[in-house]
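> pasting the sequence and the predicted model now:
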Amino acid sequence: MRIQLTRQERMGENGKGLLRLLQNESLPLIDLFIREAIQNSLDATLDNKKETIIDVGVSEFKTEDLAKYFGGAEEILVNRYGNTNPKAIYLSDKNTSGLTGGIRDEENSDLYNSKIYKLIYGISMNQTKSGAGGSWGLGKTSFFRLGNGIVIYYTRVQLDNGEYEERMAASLIEDSTKEDALLKDNTRGLAWWGFKESGKDEYDETYPITNKDEIHGILRVLGVEPYKNNETGTTVLIPFIDEKRINSHDIAYEENEKTARNWWEDSLSERIEMAIQKWYGIRILNKDYQDKYGPYLNISINGKPFLPKDFQTIFQKLRELYSYALRSENDPKIGNQADGFWVKTIQINRMALSKSSQKIVGDLAFTTLNKEELSMLAPDNEPHPLSLFGQTTTNEIKELNSKIIAYTRKPAMIVDYDIDGIWTQNVPSFEDRIILGIFVPRSGEVLHEDFQEELYYLDDYLRKSENADHASWVDVTVNNKRATIVSRIKGNVAKSLNEEFSDDVESSKGSKSSALGRKLGNIILPSFKKGTSGQPPINTTGGGGNPGKRKRRINYSLEKQERINENVILLYNSIELQSEIDFEMSIDINMGNQIFSHEKWIKDMEKPYPFTIKNVNVQQIADENNKLIENDLLTNFFVQNKVTFLNSSLDPIQVKVMLEVEINDLSILPAIQVKEVKK
């Protein structure tokens, strides 16, 4: 194959910039690769097939045998890797269309709809197939980060005349500013290899090679079988795997933690196996998925079938829950406490789905699991669930009390696992069991009429809410209207779990304080009742307590709350103070067992703080006998969530203060804190 370099040009992207487009540093590189590559395969599955067949594997090869096919880079490859046994990772699919379409302008082909052009030569080109994974191009940057930047694409397609054609091309994306860059003179860090017409220089275009002898020669070097008979599909091959870079994501284990490496981190094949069950286990050989949506996933590793019985127990359980959620739409009675699992419908009653719908956006299937049910005891000795998600320090895996909620959509790739986060906010924890659940949207539900000009189905909205790495859902604007579907789904999932488990957890812990807190919340929060999804309740902490007791230096109560619109609320507060006590009121974040301060949020998070105090009004100051008095009660704003009151009164006083608060994220619970400020 001959090389094609890229010239410097205006507005031209370079390799360094492209590699930074997929800025997901929270997932291991193998996980990113598996998520993206399998998603591409699933999107390309032929309509008449019942399964998508995929084989993923690792092989070793000789550098000299492969380098001779890479004109323009042969010498540096041999010099750098000649005395080693490099490894390659491949992912090959069948029952898929392959990389169809044209790649030459003179063929009058629609390059925007050409699969081979999008994957190999394009970047950030949107998927148009309903239910597909997202954008072509951005996610594939994870491929180039696994090795030295070279990725080979091999495909077999059926042409319009019924004949089959094999195609192969390679591309390079690298940071050309690094010392170990392959192509020092190519300052943009982008290159392709393929067929080039004679007489052309190194900057002219290349096209995929179609010569079977050359294609099969490269496949033999990398230990991969070519397609045959009537097979079509695509194989991604990544040579010169950089295991040091792959391992760099692993947690740096401190000596005082005495924590061993996870067993799957010492083998590329086992890393791949773990990633597959973590992200796609719910679709593997799942007949319930086939009955509802279409082809299930049939996968092997290094040619050996990978079956659900081989999964870690927690992923087996999650696969079962997913099936229950799929079946519950046609069988509303499925799932109850006697069965050991629950299935609840999640509804949004306003501005989400069409007016004629039942307002059900999805189904939540969940259960609780102890050590025995998770196979953590001898002789199985499976790892703590949190260690499967990268949380492996001693303190993190000491207890079995986490709440783990997975969420997915139509392609059945787990988008993310929310661990003790927003999806389970305020849901109490068991002492010896995890809560495991999965939210499955009803993807075919039609969106509200106000959104249909731009998006029609719920799955379309959720797909738009995903970034290039498909790693989370974030609410987006649709048809110039701010939709809050995702945040309300999260809030209603947490609400459903809370309704189911609050009493059980309190009973198991013998906790009186939790029950008292809930009763107090019901007293001071009368406006937040069932059916008000999307309106986060306010939790009060700090100087709270019985307002009638005078022994406290500060007594606080929330008297009333008035919602102005979806994002603005008025809070009417009453504070009783002893003489000359300065105090501050802040709107912090309720994270269940702890309060998350503004300072910690700004330090640790990458998005704006969700609450802003827009206005403060001291409405009334009275003495102990409720007689109105004059007082120089001064207010100072320090940060967007906090206001300080300076009190010069020599006697105890009662203060009534109204705060106007803007809520920018309805999925996050605010917590009012009232604290004394030392003079």
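Nice, I can see it.
> for residue 111, give me the pLDDT.
As summarised for this prediction, residue 111 has a pLDDT of 63.
> give me the pLDDT for residue 631.
Looking at residue 631, the pLDDT reads 66.
> which parts of the protein belong to which domain?
Each structural domain of the chain that the record assigns through automatic domain parsing is listed here as a residue range: 2-249, 313-509, 535-677.
> dump those to TSV, plus mean neighbour count and distance to residue 306.
Glycine gets a C-beta too; all of them are placed from N, C-alpha and C. Shown next, in TSV, are these (neighbours: other CB atoms under 10 Å; distance: least, CB to CB, whole Å):
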stretch	mean neighbour count	distance to residue 306
domain 2-249	18	9
domain 313-509	19	12
domain 535-677	16	35
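> between those, which gets nearest to residue 292?
Each of these was checked against residue 292 via CB to CB, and the shortest separation belongs to domain 313-509, namely 5.3 Å.
> my read is that residue 388 contacts residue 273, right?
No. At 11.9 Å, residue 388 does not count as touching residue 273 under the criterion of CB atoms under 8 Å.
> related to what we said a few turns ago, ok, of the domains of the chain, where does mean pLDDT dip lowest?
Ranked on mean pLDDT, the bottom entry among these is domain 535-677, at a mean of 76.
> show the contacting residues for residue 353.
For residue 353, the set of contacting residues under the criterion of CB atoms under 8 Å, 6 or more residues apart in numbering consists of 359, 360, 361, 445, 446, 447, 448, 458.
> quick one: which of those residues sit in strands?
360, 361 (DSSP state E).
> which of the contacts of residue 353 sits closest to residue 202?
Set against residue 202, the nearest of the contacts of residue 353 by CB to CB is residue 458 (49.0 Å).
> nearest spatial neighbour of the closest one, skipping sequence neighbours?
Closest residue to residue 458 apart from its sequence neighbours, by CB to CB, 6 or more residues apart in numbering: residue 445 at 4.5 Å.
> who's in contact with that neighbour?
By CB under 8 Å, 6+ apart, residue 445 lies in contact with 353, 354, 357, 360, 361, 457, 458.
> go on, residue 620?
Contacts were defined as CB under 8 Å, 6+ apart; by that measure residue 620 touches 628, 654, 655, 656.
> tabulate the residues you listed in TSV, adding columns for secondary structure.
Shown next, in TSV, are those (DSSP: H, G, I helix; E, B strand; the rest coil):
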residue	secondary structure
628	strand
654	strand
655	strand
656	strand
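> of those residues, closest to residue 408?
Relative to residue 408, the closest of the contacts of residue 620 is residue 656; by CB to CB it sits at 48.0 Å.
> ok, for the closest one, nearest residue in space, not its chain neighbours?
Distances taken as CB to CB, 6+ apart place residue 620 nearest to residue 656, at 4.2 Å, with adjacent residues excluded.
> gap between the one you found and residue 99?
Relative to residue 99, residue 620 is positioned 72 Å away (criterion: CB to CB, to the nearest Å).
> please apply the same query to residue 414.
26 Å.
> quickly find the element holding the residue nearest to residue 239 when sequence neighbours are not counted.
Once flanking residues are discounted, residue 239 sits nearest to residue 88: 4.4 Å by CB to CB, 6+ apart. Per DSSP states H and E: residue 88 is located in strand 87-94.
> before we move on, back to that, in helices only, show me the contacts of residue 445.
Secondary structure from DSSP state H places residue 458 of those in helices.
> can I get the strand or helix carrying residue 406 as CSV, trimmed to CA atoms?
Following DSSP H and E, the helix or strand that holds residue 406 is strand 403-408. Output of strand 403-408 as CSV, limited to C-alpha atoms (Å, rounded to 0.1, in the frame of the first residue of the first chain):
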residue,chain,number,x,y,z
LYS,A,403,-26.6,1.5,44.7
ILE,A,404,-25.8,0.8,41.0
ILE,A,405,-28.2,1.8,38.2
ALA,A,406,-27.4,1.1,34.6
TYR,A,407,-29.2,2.8,31.7
THR,A,408,-29.4,2.0,28.1
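> which strands and helices lie in contact with that strand?
Packing contacts for strand 403-408, counted by 3 or more CB pairs under 8 Å, 6 or more residues apart in numbering; DSSP states H and E, involve strand 414-419, strand 434-441.
> Provide the strand pairings for the first one, with the direction of each partner.
Strand partners for strand 414-419, identified by DSSP bridges, are recorded as strand 403-408 (antiparallel).
> can you give me the angle the strand it pairs with makes with strand 434-441?
Going by axes from the mean of the first three to the mean of the last three CA atoms, to 10 degrees, strand 403-408 is angled at 20 degrees with respect to strand 434-441.
> distance from the chain centre to strand 403-408, please.
A distance of 10 Å separates the centroid of the chain from that of strand 403-408, by CA atoms, centre = their mean, to the nearest Å.
> any idea which of the helices and strands packed on strand 403-408 gets closest to residue 498?
Comparing those against residue 498 with CB to CB, the closest turns out to be strand 434-441 (10.8 Å).
> partners of the closest one in the sheet?
Within its sheet, and counting by DSSP bridges, strand 434-441 is paired with strand 360-369 (antiparallel), strand 403-408 (parallel).
> put the alpha carbons of that strand into CSV.
Only the C-alpha atoms of strand 434-441 are listed here, as CSV (Å, rounded to 0.1, in the frame of the first residue of the first chain):
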residue,chain,number,x,y,z
ILE,A,434,-26.3,-3.7,46.9
ILE,A,435,-29.3,-2.3,45.0
LEU,A,436,-28.8,-3.2,41.3
GLY,A,437,-31.1,-1.8,38.6
ILE,A,438,-31.4,-0.9,35.0
PHE,A,439,-33.6,1.8,33.3
VAL,A,440,-34.8,0.8,29.8
PRO,A,441,-36.6,3.5,27.8
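> residue 649 contacts residue 578, doesn't it?
No. Shown here, residue 649 and residue 578 do not form a contact pair, counting by CB under 8 Å, at 9.5 Å.
> beta partners for residue 305?
When residue 305 is checked against DSSP bridges, its beta-bridge partners turn out to be residue 300.
> hang on, the earlier thing: widest-spaced pair of the contacts of residue 620?
The widest separation within the contacts of residue 620, taken as CB to CB, falls between 628 and 655 and amounts to 11.5 Å.
> anything in contact with each of those two?
Shared contacts of residue 628 and residue 655, defined by CB under 8 Å, 6+ apart, are found at 620, 621.
> so residue 245 belongs to a helix, correct?
Yes. With three-state DSSP as the criterion, residue 245 is located in a helix.
> quick one: contacts for it?
By CB under 8 Å, 6+ apart, the contact list for residue 245 reads 29, 145, 146.
> phi, psi of the first one?
Residue 29 has phi and psi values of phi -60, psi -40 when expressed as degrees, to the nearest 10.
> give me the nearest residue to it, chain neighbours excluded.
The shortest distance from residue 29 to any residue other than its chain neighbours is 5.1 Å, reached at residue 246 (CB to CB, 6+ apart).
> residue 30 is in contact with that neighbour, correct?
Yes. Counting by CB under 8 Å, residue 246 touches residue 30, with 6.2 Å between them.
> and the strands in the stretch 451-600 of the chain?
477-478, 481-482, 539-542, 554-565, 568-577, 582-590, 595-596 (DSSP state E, counting those that start in this stretch).
> dump the ones you listed to TSV, plus distance to residue 206.
Rendered in TSV, the data for the strands of the stretch 451-600 of the chain read as follows (distance: least, CB to CB, whole Å):
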stretch	distance to residue 206
strand 477-478	40
strand 481-482	46
strand 539-542	61
strand 554-565	57
strand 568-577	57
strand 582-590	53
strand 595-596	53
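> select, out of the ones you listed, the one closest to residue 174.
Minimum separation from residue 174 across the strands of the stretch 451-600 of the chain (CB to CB) falls at strand 477-478, 35.8 Å.
> pull the distance from the closest one to the chain's centre.
The chain centroid and the centroid of strand 477-478 are separated by 20 Å under CA atoms, centre = their mean.
> ok, now stretch 436-445?
On CA atoms, centre = their mean, the centre of stretch 436-445 falls 15 Å from that of its chain.
> ditto for stretch 340-349
On CA atoms, centre = their mean, the centre of stretch 340-349 falls 21 Å from that of its chain.
> now stretch 370-382
What separates the centre of stretch 370-382 from the centre of its chain is 28 Å, taken as CA atoms, centre = their mean.
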